[in-house]
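>>> Please find the sequence and the predicted model below.
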Amino acid sequence: MQYKKHSILPYRPEIDGLRALAVIPVILFHAGFGLFSGGFVGVDVFFVISGYLITAILIEDIESKRFSILKFYERRARRILPMLFFVLAVCIPFAWIWMLPNELKNFSQSLIAVNLFVSNIYFGKKIGYFDANADNEPLLHTWSLAVEEQYYLLFPIFLILAWGFGKNRVFLMIVIMASISLLLSEYWLRNEGNVNFYLALSRAWELFIGSLAAFIVQKKGVQKNNLLAAFGLAAILFSIFVYDETVPFPSLYTLVPVLGTALLVLYADKTTFVAKFLSTKVLVSVGLISYSAYLWHQPLFAFAKIRFHQTSDMTLMVLSIMSILLAYFSWRYVETPFRGRKPMLGNKISLFTTSIIFFFAFIFIGVSGYVTDGYKFSDSNRIKFGELRERIKPNQGINKKCNVKFDLPSHCSTSDNPEVLLWGDSYAMHLYQGIVSSKPSVKIKQITSSSCAPILGISYLGPRGLPDWANKCIEFNDKAFEWLASSNSVKFVILSSPFAIGMGNSKLMDKDGLMYRPDNRKFVLNKFKQTLEKIKSLDVGVVVVSPTPKSINIKNIGDCLLKKYYFEYIINCDFKYSETSYRHDFLTKVSDFAPVYWLYKDICLKDLCSAEMEGNFIYRDTGHLSKEGSSFLGKKNDWHDKFEDMAIKYLNYSEW
């Protein structure tokens, strides 16, 4: 097959408009605006664009016999490094001033990873992209840069070595590599969810789709097809506004924004309606500064949350706008000077030498922060920080092995003949210390598994929307009930969970593999009622304990308390109940047919909920009780006796 060559390097303003369409949703997603629940797909759009542009450059350089690997790396260095180094340099003093020692130690590690181009691997092992604490990682967003950097490092070498086999065979090789990468992402999704999200091997297919688009455009040129271009734009918008963090990613679902982007690259000729829309001055202007905007937004959000804890929607919107304004100035005064016709450090040797100096400087700072445990550990600070950390220590129940996923360990009991069963997820687990404090001689068994609500026969699809996870949760609850049915000693059961599967539009699955969404509430309520009736049929009482109230604005209440006393900040970690993120609507309906113990009545006086009471830290994180807080509340409010009284009354009445 002979290729008719088309130039694929002339400036395409619609590509810059597409960059704007990618970066704005990413920023607004990280700002927490629910309308942009799938804004994270903007990164996938960037991957396709990068694959397309880089491959286009490489094809033309190779065919014109002017390809130089050093020249290619120089162009990439000029594009990426000055702005990256500038943002890192700005982040360091704020990290030093505002971060706790453990946070600063983590930041130091991430600083090392960023400069070694492996931050995707680092964050993949450390934290889930959608975890609550991920918001406090100033450099989390650099994972996508690492993926692209790894692609830039290896793909040109592959292309120049494979080129001798002919363009058609190179195209086929890329198709095969993309297919393998997509299959790997599906496999790792089910086995290594966090790692899968970040790894270059599971993301490479998105870049390869862009590469394939470059081959096609060179052969046929950019085609005019209003329908396909509109379909591509619609696919991206659909992903931005419909997807959310429960959608498995990357996976086959990722094909929607990726192929949508490819359609725009291939069919959004400048005369199409979509290209005209994307070429509007506002979108093109934002697209030009999109790299700077992407680099700025995460540190702005993270440091605001680290320092002030309470970040309102208005604050986050202001920070979003600030990221665009900062992007303009840094694009003009940092990015552009290194990429113009007469760029700063115009000589390759001076550019690479300067880059190496910065690399080693940042790595030195990172290593120093890591080996000194966050720099700030003088003896007095070490003791002070250690004592405060102990006060927000996780309450793991009978022992730290009792909250293992989907396991019913026999050792998680204070007696061979337990009279109380504590069953649920981590919001049941954190009640243990309070129950024991209210009655030290209690004979209790703990059956808990994180994120697995104690409702027989159904489960939501797990933190990453996986059926395998749901099956394990359903099986776990079945085993818990089987154990209860075989016990002759249990008098009553304490059930607790946020019952998130009864809220909103969470995807559910039953034991037959049938999916349910979005009208879940009545269905879940009926299933929970059946669970309670099955327990009662064993002549065992039941009490349902509500989760704690959570603040909308203070993302991590335990962290707020730490910083209040470590830095001696004048901040208030208390919050209004009227502004909590969970209003107990589901459990209010449960209370019509079963006893519900409302924890907010122990924590909140009128409309004010306390982060600390009588010198005790109540919370350890976003909503879980600390060991200290659980013990205090349980003893003060006689949890065991009250739970028992409510459970036995439920057992003795035919109607609640």
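Received the coordinates, thanks.

>>> domains for this protein, by residue range?
Listed by automatic domain parsing, the domain ranges of the chain are 21-371, 420-549+582-603+626-652.

>>> mean pLDDT lowest for which of the ones you listed?
Ranked by mean pLDDT, the domains of the chain bottom out at domain 420-549+582-603+626-652, with a mean of 89.

>>> Please compute how far that one lies from its chain's middle.
Centroid separation for domain 420-549+582-603+626-652 versus its chain: 26 Å, with C-alpha atoms, centre = their mean, to the nearest Å.

>>> how about stretch 231-238: buried residues?
Counting neighbours by 16 or more other C-beta atoms under 10 Å, one finds that the buried residues in stretch 231-238 are 231, 232, 233, 235, 236, 237. All C-beta atoms are positioned from the backbone trio N, CA, C, and that covers glycine.

>>> residues in contact with the host helix or strand of the second one?
Applying DSSP states H and E as the criterion places residue 232 in helix 226-242. For helix 226-242, the external contacting residues (C-beta atoms under 8 Å, 6 or more residues apart in numbering) are 21, 25, 35-39, 41-42, 45, 256-257, 259-264, 266-269, 272-275, 277-278.

>>> out of those, which are buried?
21, 25, 36-39, 41-42, 45, 256-257, 259-264, 266-269, 272, 274-275, 277-278.

>>> so residue 623 touches residue 552, yeah?
No - taking contacts as C-beta atoms under 8 Å, residue 623 lies outside contact range of residue 552: 11.6 Å.

>>> thinking again about what came up before, helices - which of the buried ones among the contacts of helix 226-242 land there?
Under the assignment DSSP state H, those contribute 21, 25, 42, 45, 256-257, 259-264, 266-267, 274-275, 277-278 to helices.

>>> could you pull out the strands for this structure?
Listed from the start of the chain, the chain has strands (DSSP state E) covering 420-424, 444-448, 458-460, 492-496, 508-510, 515-516, 541-545, 575-576, 596-597, 604-605, 608-609, 612-613, 616-617.

>>> mind listing the helices for the stretch 401-550 of the chain?
Using DSSP state H, counting those that start in this stretch, the helices of the stretch 401-550 of the chain run over 426-429, 432-438, 467-486, 521-536.

>>> So which of these is the most surrounded?
Most buried of the helices of the stretch 401-550 of the chain by mean neighbour count (mean count of other C-beta atoms under 10 Å) is helix 426-429; its value is a mean of 25.

>>> got the contact list for it?
By C-beta under 8 Å, 6+ apart, helix 426-429 touches 395-397, 402-403, 422, 446, 448, 450-451, 454, 494-498, 545, 547-548, 623-624.

>>> Excluding sequence neighbours, find me the nearest residue to the residue most central in space within the chain.
Nearest residue to the geometric centre of the chain (C-alpha atoms, centre = their mean): residue 130, 1.3 Å. Using C-beta to C-beta, 6 or more residues apart in numbering and skipping the chain neighbours, the partner closest in space to residue 130 is residue 245 (4.1 Å).

>>> Assess the claim that that neighbour and residue 132 are in contact.
No - using C-beta under 8 Å, residue 245 is not in contact with residue 132, being 11.0 Å away.

>>> These two: which is more packed in?
residue 245 (16 against 13; other C-beta atoms under 10 Å).

>>> so what's residue 496 up against?
Contact partners of residue 496, counting by C-beta under 8 Å, 6+ apart, are 422, 424, 425, 427, 428, 431, 454, 544, 545, 546, 547.
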